[in-house]
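J.: I'd like to go over a predicted model; first the sequence, then the structure.
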Amino acid sequence: MRDDTFRHRAKKSLGQNFLIDGNVSRRIVDAIAPGPGDTIIEIGPGQGALTGLLSESAASRLMAIELDETLADRLTDLFPRIEVVRADALDFPWESLDVAGPYKIIGNLPYNVASKLIWDIVSKTRNLERAVFMVQHEVAMRLTAEPGCKAYGGLTAWVRNFADTRYLFKVPPTVFRPRPKVDSAVVAFTPRPAGERPASPEALARLIKMLFQMRRKQLSTILKPLWTLEIDSWFDQQSISPSARPETLTPGQFRALSALIREK
């Protein structure tokens with residue numbers, strides 16, 4: 001059920017750009033593949049472009065996290081079976097979802113908070129089955145970049161230690177109101193098995209921050225205060241030149257190196 005006469009003034013402070021294209025909405029919802037027994041959480045439902053389709057699906061439980069009170073009220077009226085949580089997704093306790101069993105997360109994320117949200121969600125959730133997010137195209141390229149390319153950075157190395165990412169499709173500005181100045185893209189996330197996740201996320205985060213703050217410098221230069229014979233041996237075993245730059249390390253190598261440094 002939709003009310004096409006409803007017009008809500010987008011709030012720049014909340015990064016609101018409302019999706020108004022039904023075909024794009026359907027493609028995003030199809031990507032999350034709602035099925036019987038599914039619990040699906042939507043971030044920033046806005047005017048309900050995805051919410052309406054989700055409410056018509058076979059998913060058993062639906063939750064929407066919305067900070068805008070006016071939009072939250074409207075969603076509650078339009079979609080009675082959806083649990084609307086009035087909160088800032090940046091402050092949401094993602095760990096609390098794991099007590100309720102497996103779930104999926106979907107959302108058209110505001111450009112200004114998308115990277116931080118994804119950083120938290122992939123690392124703080126344990127029972128996440130799948131996530132599908134629309135983000136700024138530049139961020140989508142970073143999330144799906146391979147080592148050695150310009151788009152590969154700290155966000156890539158972090159996220160890919162917790163989830164595999166897949167670029168699904170590009171979205172033009174014309175399908176939004178108001179229109180953003182850049183393209184968007186939809187990315188799918190499949191969580192990695194528990195045994196392949198970092199044993200110490202804190203150590204990994206420290207290493208990523210350290211290396212990418214000085215990404216133009218050689219690894220041996222950045223790591224000089226921490227360098228040991230053991231680290232030197234690890235570089236040799238991995239066939240990595242100490243003169244290489246941070247973006248040449250794979251996500252797995254970031255994880256292994258962070259564990260080695262943590263043990264010092």
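T.: That came through, no problem. All figures in this text were calculated on a predicted structure; none of them were measured in a lab.

J.: drop to CA atoms for contacts and neighbour counts, all remaining ones
T.: Fine.

J.: how much space between Ile240 and Leu229?
T.: 15 Å (Cα to Cα, to the nearest Å).

J.: and these two? Which one has more around it.
T.: Ile240 (16 against 8; other Cα atoms under 10 Å).

J.: what residues are up against Lys39?
T.: For the record, residue 39 is Thr, not Lys. Ala59, Ser60, Arg61, Leu62, Met63, Pro102, Tyr103, Lys104 (Cα atoms under 8 Å, 6 or more residues apart in numbering).

J.: which members of these are the farthest-apart pair?
T.: The span of those, defined through Cα to Cα, is set by Met63 and Pro102 at 13.5 Å.

J.: show me where the stretch 101-250 of the chain has strands.
T.: Ranges of strands in the stretch 101-250 of the chain, per DSSP state E, counting those that start in this stretch, are 103-108, 128-136, 163-171, 176-177, 184-191.

J.: let's see the pLDDT reported for the most centrally placed residue in the chain.
T.: Of all residues in the chain, the one closest to the mean position by Cα atoms, centre = their mean is Ile118, 2.7 Å from it. pLDDT, Ile118: 98.

J.: can you count the residues close to the nearest residue to it once chain neighbours are set aside?
T.: Spatial nearest neighbour of Ile118, excluding adjacent residues (Cα to Cα, 6 or more residues apart in numbering): Val159 at 7.7 Å. Val159 has 23 neighbours, counted by other Cα under 10 Å.

J.: before we move on, what about Arg160?
T.: Neighbours around Arg160, by other Cα under 10 Å: 22.

J.: show the contacting residues for it.
T.: Leu143, Pro251.

J.: measure Leu97 to Lys124 for me?
T.: As judged by Cα to Cα, Leu97 and Lys124 stand 10 Å apart.

J.: about what we covered before: buried ones among the contacts of Thr39?
T.: Ala59, Arg61, Leu62, Met63, Pro102, Tyr103, Lys104 (16 or more other Cα atoms under 10 Å).

J.: let's have the residues you listed in JSON lines, adding distance to Ala163 and pLDDT.
T.: Listed next are the buried ones among the contacts of Thr39 as JSON lines, based on distance: Cα to Cα, whole Å; pLDDT from 0 to 100:
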{"residue": "Ala59", "distance to Ala163": "23", "pLDDT": "95"}
{"residue": "Arg61", "distance to Ala163": "24", "pLDDT": "95"}
{"residue": "Leu62", "distance to Ala163": "23", "pLDDT": "97"}
{"residue": "Met63", "distance to Ala163": "22", "pLDDT": "97"}
{"residue": "Pro102", "distance to Ala163": "15", "pLDDT": "95"}
{"residue": "Tyr103", "distance to Ala163": "15", "pLDDT": "97"}
{"residue": "Lys104", "distance to Ala163": "13", "pLDDT": "98"}
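
J.: good, we can wrap up now.
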